[in-house]
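Peer 1: Structure for the following, please:
(one chain, ligands or ions: 2)
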Amino acid sequence: MNSLTITRPDDWHLHLRDGDMLAVVVPHTARQFARAIVMPNLDPPVTTTDQALAYRRRILDVVPEELNFDPLMTLYLTDETSSDEIGIDACVHAVKWYPAGATTNSSRGVSDISRCYKVLEKMQQHDVPLLVHGEVTDADVDVFDREQVFIDRYLAPVTERFPGLRVVLEHVTTRQGVEFVKESSARIAATITAHHLLLNRNALFTGGLRPHHYCLPVLKREQHRQALVEAATSGNSKFFLGTDSAPHTKIAKESGCGCAGMYTALAAIELYAEVFEEAGALDRLEAFASFHGADFYGLPRNSDTITLLRQAWRVPDVLSFDHAELVPFRAGEMMQWKHVG
Ligand code: DOR
Ligand code: ZN
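Peer 2: Ligands and ions are numbered 1, 2, ... in the order given. This is a model prediction of the structure:
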């Protein structure tokens, strides 16, 4: 197969940042995807509906005129979030639970989920999904075990306490995470990133330390990558595309204490196409990328299409913008598929 046309996909987990960076990254996503669930971990975070609506306008301001792109906004859950924030505006599609200290700009995240039970109750009533960064932050838990421990200690109890709440285990990275989602009710789903499908943890150390392969949750062993590929390509509607594309400047990545995140938005759908082709499942890419997420969120599937051609191209070494540079995933390497419109 040398050409692949699928219903236009959506990205159900995306970081767009703000300011100069926003204008650089939005066009890359808007070229491929019709909609994206936009993460609220700005500094300061997007904790109120008013802030989310203002952020949405800033995003729309930098969408190129010829593109249609609908940013789906989220709120950042804190110990102090008021349940009055839930269900105010249809532009807010979900609430994100970052355990405090788990990742980029998460210091104002949740320190004790029981303090948020009133908010979760209201979300359950209004059918607003809870999006979860599923990692514990305890220093005594090995960094590679943090997802699994989080599921046992926090996620399983919360889903039991709020059986009507829809929950997305974002960027699932482990076999245990996949099993948990599969065995849970239809209200529990997961997004899977391209980078966790493509790389195992060896990629952090290939010939030296590779800061551009550092993300959170951190890359896992090969057996976990295989479990993710199986889940993504299985046709199970609980699993859908969420890039977690997370731009940081080159300097912030190539540092003594580098930031977590991979910038995959430049060639997101092509990266997923590689994974599905390798698994012999290109015919299932469309459902994973374009149907399952929309169905879960109760939104219409997109009606237009995109086309990929089997055409080799080289990913740029770096993307330059005002006084900063951004290193895309696969920088300087060849891609097999090319999105052509
Ligand atoms: O790698 C990551 N980068 N994981 C996250 O959870 C956050 C993201 C970011 O915002 O940089
Ligand atoms: Zn993320």
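
Peer 1: how about the strands of the stretch 201-341 of the chain, start to end?
Peer 2: 239-241, 305-314, 319-321, 324-326, 334-339 (DSSP state E, counting those that start in this stretch).

Peer 1: Dig out what residue 76 forms beta bridges with.
Peer 2: Legend: beta-bridge partners of residue 76 under DSSP bridges are residue 96.

Peer 1: how much space between it and residue 94?
Peer 2: Relative to residue 94, residue 76 is positioned 11 Å away (Cβ to Cβ, to the nearest Å). (Each C-beta comes from the backbone N, C-alpha and C, glycine too.)

Peer 1: about what we covered before: compile the strands of the stretch 201-341 of the chain into TSV and extend it with columns for mean pLDDT and mean neighbour count.
Peer 2: Listed next are the strands of the stretch 201-341 of the chain as TSV, based on pLDDT from 0 to 100; neighbours: other Cβ atoms under 10 Å:
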stretch	mean pLDDT	mean neighbour count
strand 239-241	99	26
strand 305-314	98	15
strand 319-321	94	15
strand 324-326	96	17
strand 334-339	98	16
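
Peer 1: can you count the residues close to the closest residue to residue 155 other than its chain neighbours?
Peer 2: Using Cβ to Cβ, 6 or more residues apart in numbering and skipping the chain neighbours, the partner closest in space to residue 155 is residue 134 (5.8 Å). Counted with other Cβ atoms under 10 Å, the neighbours of residue 134 add up to 28.

Peer 1: Equivalent analysis for the one 10 residues further on, please.
Peer 2: Neighbours of residue 144 under the rule other Cβ under 10 Å: 16.

Peer 1: how much space between it and residue 31?
Peer 2: 35 Å.

Peer 1: so who does residue 184 touch?
Peer 2: By Cβ atoms under 8 Å, 6 or more residues apart in numbering, the contact set of residue 184 is residue 159.

Peer 1: How about stretch 205-221 and ligand 1, touching?
Peer 2: Yes - on the criterion Cβ under 6 Å from any ligand atom, stretch 205-221 is in touch with ligand 1 at 215, 216.

Peer 1: elements contacting the helix or strand bottoming out on mean pLDDT in the chain?
Peer 2: The helix or strand of the chain with the lowest confidence, counting by mean pLDDT, DSSP states H and E, is strand 319-321 at a mean of 94. Judged by 3 or more Cβ pairs under 8 Å, 6 or more residues apart in numbering; DSSP states H and E, strand 319-321 is in contact with helix 19-32, strand 324-326.

Peer 1: Helices along this protein, start to end?
Peer 2: Here the chain has its helices, by DSSP state H, at 19-32, 49-61, 117-126, 146-150, 156-161, 175-183, 194-198, 222-233, 250-253, 268-278, 285-286, 292-297.

Peer 1: which one of those helices is the most hemmed in?
Peer 2: Counting by mean count of other Cβ atoms under 10 Å, helix 194-198 has the highest mean neighbour count of these, with a mean of 24.

Peer 1: which residues touch that one?
Peer 2: Under Cβ under 8 Å, 6+ apart, the answer for helix 194-198 is 171-173, 213, 215, 217, 219-220, 225, 228-229, 232, 243-244, 262, 264, 268, 271-272, 274-275, 329.

Peer 1: How about stretch 232-239?
Peer 2: With Cβ under 8 Å, 6+ apart as the test, stretch 232-239 has contacts from 172, 178, 181-182, 186, 188-192, 197, 231, 275-276, 279, 281, 284, 287-288, 291-292, 295-296.

Peer 1: Any residues of the stretch 101-250 of the chain in contact with ligand 1? List them.
Peer 2: 103, 104, 133, 215, 216, 244, 246.

Peer 1: Now do the closest residue to the third one other than its chain neighbours, the pLDDT please.
Peer 2: Read it as residue 133. Sequence neighbours aside, residue 98 is the residue nearest to residue 133 in space, at 4.8 Å (criterion: Cβ to Cβ, 6+ apart). Listed pLDDT for residue 98 reads 98.

Peer 1: Might you report the residue contacts of residue 98?
Peer 2: Contacts for residue 98 (Cβ under 8 Å, 6+ apart) come out as 41, 76, 77, 106, 109, 110, 133.

Peer 1: Dump the residues you listed to a markdown table, plus neighbour count and pLDDT.
Peer 2: Shown next, in a markdown table, are these (neighbours: other Cβ atoms under 10 Å; pLDDT from 0 to 100):
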| residue | neighbour count | pLDDT |
| --- | --- | --- |
| 41 | 21 | 98 |
| 76 | 25 | 98 |
| 77 | 27 | 98 |
| 106 | 21 | 95 |
| 109 | 22 | 98 |
| 110 | 23 | 98 |
| 133 | 24 | 98 |
